[in-house]
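*Asks:* fold the following, please.
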Amino acid sequence: MLLIFKNCERYNGPKKNIHMVTLGKYTAKLFRKMFAERLRGGSTTAKRPSLPTSANRVSDGTFKMGGKSGGGKRPASPFGDDRPTKRVSIKGPSSSMSSSSSTNQKKKNVVAPKSHSPSRITISDPNAPLPMHVAIAKIKEKYPGRRRDKDLNGWEAECVKFLGQLMKHTWINAERPKYIFHVPVPLLFPAIKVDYAAKIKNPMDLTTAEAKLLQGGLYQNAEEFIADIALVFSNAIAFNKDGNDVGDQLSCAYYEASTHLLKYVRWLSLDVLKTSLVDCLNSPVVESGSASSWKLTIRNRDMSRKELEQIVFNELMEKTDPGDSHYSELEKECEKLLKSLRHTSDNKHMHWFVPNQFPVDYTSYISKPISWEDCHNNLKERRYNTIGEIISDLRLIFTNALKYNNTARHVSPTSKSAYDGAVYMSRKLEAAIDKMLLIVGDKIGRERIDTNTSHRELIAKEEAEEKERKAQWEKEHPGESAEVKMKLTIRRSSSHHRRSLTDFELPFYDEEDDQVESDADWLRHAKSLYEKQREARANCQQIALSISISVHRKHQESAAAKAWCNEMARKRQAERIRLEKEKEEADAKKKEEEQSKQPELAKPMGVPSADHDGWYDIEKPQVVPKASGDSKMKEIKISKLSVPKPRKLKRKLTSLVN
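*Replies:* Numbers count the residues shown, from 1 in each chain. Below is the predicted model of the structure:
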């Protein structure tokens, strides 16, 4: 049944058939409500609400449900789906008069006369809980001199704007509040009036703060008004702390919601009340968390932005299939951020950065060229894992343009135009990021708290069902004690037959466990878990491959170094042997030369002769024996004189000696 309406929304959404999409959503909601009533054992003959048509539209633009106008509805519980009524203004006639006049007009064509006196809310039983719209009107009666929103100026106008954005929050929207902070708690819950007064000394609510602001003169500056708004959620945290500690379901829900809303109020006030911010270095700084009070300073605004960036930029996006026209929630925010840069009025500044075309020498100055088309294609292919990655790429577009055109902008009109466009679009990008940070940061916090609340509701429901089954068993078996049975679940890897039916690993259970989720949701969850495991396995393989490649390269370098060292040692040894051989050969040659030159060196040089012009060579000396008669005479060595040589030979020898 729900698939029928979901298909209607998907088919008519791209075709812009808004009326069909609205009808599908409303019918699906109506079916869920009727189905829940049937499961709770409601009456099958109960009158079912009528669809919104022109016949049941009342004069104020709302729809009548079940033949009655919305003025008589009761306020919704924090976890209910009933739609409460709109807030009643006490400037006009009372709700009972307008309801009776519309009824009379339906029966008769007679219009009741308008009352010129202000309406008064009269309560018969002061201890009975008041409907929310009656409580709001009763609070406003205490401030009769309220001004209109458009009559306020300065910081008061900014406070009205801040309060308007706060009242649009999903949890505290007056049209359908999930958590009620609009009126004092004792008016809605008189039973806890005494306990609330004992814990909370300065009660405050959103309607009272708004009325005091419109009254005028009760707040001197914006900080006093913000302090009262913060007091609303601080009181809720203090009152529900004890219940949150013991695990009370309603107290836990209000405690967590108040904690998040207190952070959201600080983020929103520092973003909206820009003219009220002061540059004070001595004031205390709130870095993060749910602070009960803070100063409107520039330092606190910077710390608030850092806190939001840390929450949003590091949040993992839920990825859809590549090429799918339907994005997840965080992917839609990224798409809005991209579209904010493509406004028609900004085309003259943005047209430089849209196409993926760069100058010839662009890579000489820019290491990572990127354009708007590249970011858009990466988003379509689901290559971004976090919002911080796409924001880094968008900022890099204009950073590259400023770096590339900084020098040439003084001489080239084109570079100057591109530089100015980058400055303008970077400012617009930061403004869009500020807006996106507040929206996405609030959405992330709400989703986490809603998940915790749903988990607690599920546990409470299971415990209640278990108690009911136990009571039923005791009723059927009086006097017997129930056996405590432990249920063991054995998990093992899927069989080959099961693996062939699916494209991912599906855990197999021998005994089917009680599952709250449907098979389709559980199968989708198992598939997403498998995709994450496969991606992690691929990352591990990539890391192992890179490490093995680096180790292999180091081993190759080490082996090459060892081979080079061995080759150099071998060459050095061969060179040493060669030098030794050459030295031995040189020594032998030198020795031979010395031996060959030794006789020539033994010959004395020639001495000149008086009888001849030439030189006489002295040959081997001859020993003249001494005379036999003279014993004292010694032997005289007489050298044999050579024959005089020719003049030509003498000159030739002389020249050779020279």
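*Asks:* residues contacting Lys461?
*Replies:* With contact set as Cβ atoms under 8 Å, 6 or more residues apart in numbering, Lys461 has no partners. Quick note: C-beta positions are derived from backbone N, CA and C, even for glycine.
*Asks:* distance from the one helix or strand it maps to to the middle of the chain?
*Replies:* Lys461 is part of helix 413-476 when elements are defined by DSSP states H and E. Relative to the centre of its chain, helix 413-476 is centred 13 Å away, using Cα atoms, centre = their mean, to the nearest Å.
*Asks:* show me the helices in the stretch 101-250 of the chain, by range?
*Replies:* Remark: helices assigned in the stretch 101-250 of the chain by DSSP state H, counting those that start in this stretch are 132-140, 155-167, 185-188, 193-199, 206-215, 222-246, 249-272.
*Asks:* list the buried ones in the second one?
*Replies:* Read it as helix 155-167. The neighbour-count check on helix 155-167 (16 or more other Cβ atoms under 10 Å) flags 155-156, 158-160, 162-163, 166-167 as buried.
*Asks:* and the fourth one, by the same measure?
*Replies:* The neighbour-count criterion (16+ other Cβ under 10 Å) identifies Tyr196 as the buried residues of helix 193-199.
*Asks:* try the fifth one
*Replies:* Of the residues in helix 206-215, those buried under the neighbour-count criterion (16+ other Cβ under 10 Å) are 206-214.
*Asks:* same list (those residues) but as CSV, adding pLDDT and distance to Trp522.
*Replies:* Listed next are the buried residues of helix 206-215 as CSV, based on pLDDT from 0 to 100; distance: Cβ to Cβ, whole Å:
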residue, pLDDT, distance to Trp522
Leu206, 92, 41
Thr207, 92, 45
Thr208, 92, 48
Ala209, 93, 46
Glu210, 92, 46
Ala211, 92, 51
Lys212, 91, 52
Leu213, 91, 51
Leu214, 91, 52
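*Asks:* and which of those residues is nearest Ala230?
*Replies:* Proximity of these to Ala230 (Cβ to Cβ) peaks at Ala209, which lies at 10.0 Å.
*Asks:* pretty sure that closest one contacts Ala227?
*Replies:* No. Ala209 is beyond contact range of Ala227, at 9.6 Å (criterion: Cβ atoms under 8 Å).
*Asks:* ranges for the strands of the stretch 301-450 of the chain?
*Replies:* Along the stretch 301-450 of the chain, no stretch is classed among the strands by DSSP state E, counting those that start in this stretch.
*Asks:* pass me the low-pLDDT residue ranges in it, would you?
*Replies:* Applying pLDDT under 70 to the stretch 301-450 of the chain flags no residue at all.
*Asks:* likewise for the chain?
*Replies:* In the chain (pLDDT under 70), the answer is 41-127, 174-175, 481-520, 598-658.
*Asks:* show me which helix runs longest in it.
*Replies:* Using DSSP state H to define each element, the chain has its longest helix at helix 519-602.
*Asks:* what about that helix, distance to the chain center?
*Replies:* In this view, helix 519-602 has its centroid 46 Å away from the chain centroid, taken as Cα atoms, centre = their mean.
*Asks:* could you measure from Ala211 over to Tyr219?
*Replies:* If you measure Ala211 against Tyr219 using Cβ to Cβ, to the nearest Å, the figure is 11 Å.
*Asks:* cool, Asn347 as well?
*Replies:* Here the criterion is Cβ to Cβ. By it, Asn347 lies 44 Å from Tyr219.
*Asks:* more neighbours: which of those two?
*Replies:* Tyr219 (19 against 10; other Cβ atoms under 10 Å).
*Asks:* now do the phi/psi pair for that one.
*Replies:* Here is the backbone geometry of Tyr219 (degrees, to the nearest 10): phi -120, psi 130.
*Asks:* count the residues that sit near the closest residue to it other than its chain neighbours.
*Replies:* Distances taken as Cβ to Cβ, 6 or more residues apart in numbering place Phe225 nearest to Tyr219, at 4.7 Å, with adjacent residues excluded. The tally of other residues near Phe225 (other Cβ under 10 Å) stands at 26.
*Asks:* ok, Ser293 next?
*Replies:* Using other Cβ under 10 Å, the number of residues around Ser293 comes to 13.
*Asks:* swap in Gly421?
*Replies:* Quick note: Gly421 (other Cβ under 10 Å) scores 20 neighbours.
*Asks:* which residues touch the closest residue to it other than its chain neighbours?
*Replies:* Once flanking residues are discounted, Gly421 sits nearest to His349: 3.8 Å by Cβ to Cβ, 6+ apart. His349 makes contact with 420-421, 424-425, according to Cβ under 8 Å, 6+ apart.
*Asks:* His349 and His376, how far apart?
*Replies:* According to Cβ to Cβ, His349 stands 18 Å off from His376.
*Asks:* now Arg146: how far from Thr207?
*Replies:* Using Cβ to Cβ, Arg146 is found at 11 Å from Thr207.
*Asks:* shared neighbours of those two, anything?
*Replies:* With Cβ under 8 Å, 6+ apart as the test, Arg146 and Thr207 both reach Lys140.
*Asks:* domain ranges for this protein?
*Replies:* Listed domain ranges for the chain are 124-313, 329-471, 494-551 (source: automatic domain parsing).
*Asks:* among those domains, which is nearest Lys16?
*Replies:* Closest of these to Lys16 is domain 329-471, at 16.6 Å (criterion: Cβ to Cβ).
*Asks:* gap between the two ends of that closest one?
*Replies:* Counting by Cα to Cα, to the nearest Å, the length from the leading to the trailing residue of domain 329-471 is 44 Å.
*Asks:* with stretch 189-205 instead?
*Replies:* End-to-end distance of stretch 189-205 (Cα to Cα): 14 Å.
*Asks:* now find how far off-centre it is within its chain.
*Replies:* In this view, stretch 189-205 has its centroid 41 Å away from the chain centroid, taken as Cα atoms, centre = their mean.
*Asks:* mind listing residues that contact it?
*Replies:* Under the criterion Cβ under 8 Å, 6+ apart, residues 127-129, 139, 181-186, 228, 231-232, 235, 238-239 lie in contact with stretch 189-205.
*Asks:* closest one to Gln595 out of those, please.
*Replies:* When these are compared for distance to Gln595 (Cβ to Cβ), Ala238 wins out at 120.0 Å.
*Asks:* how about the closest one, what does it touch?
*Replies:* Going by Cβ under 8 Å, 6+ apart, Ala238 touches 199-200.
*Asks:* do you know how far it is from Ala586?
*Replies:* Taken as Cβ to Cβ, the span from Ala238 to Ala586 is 106 Å.
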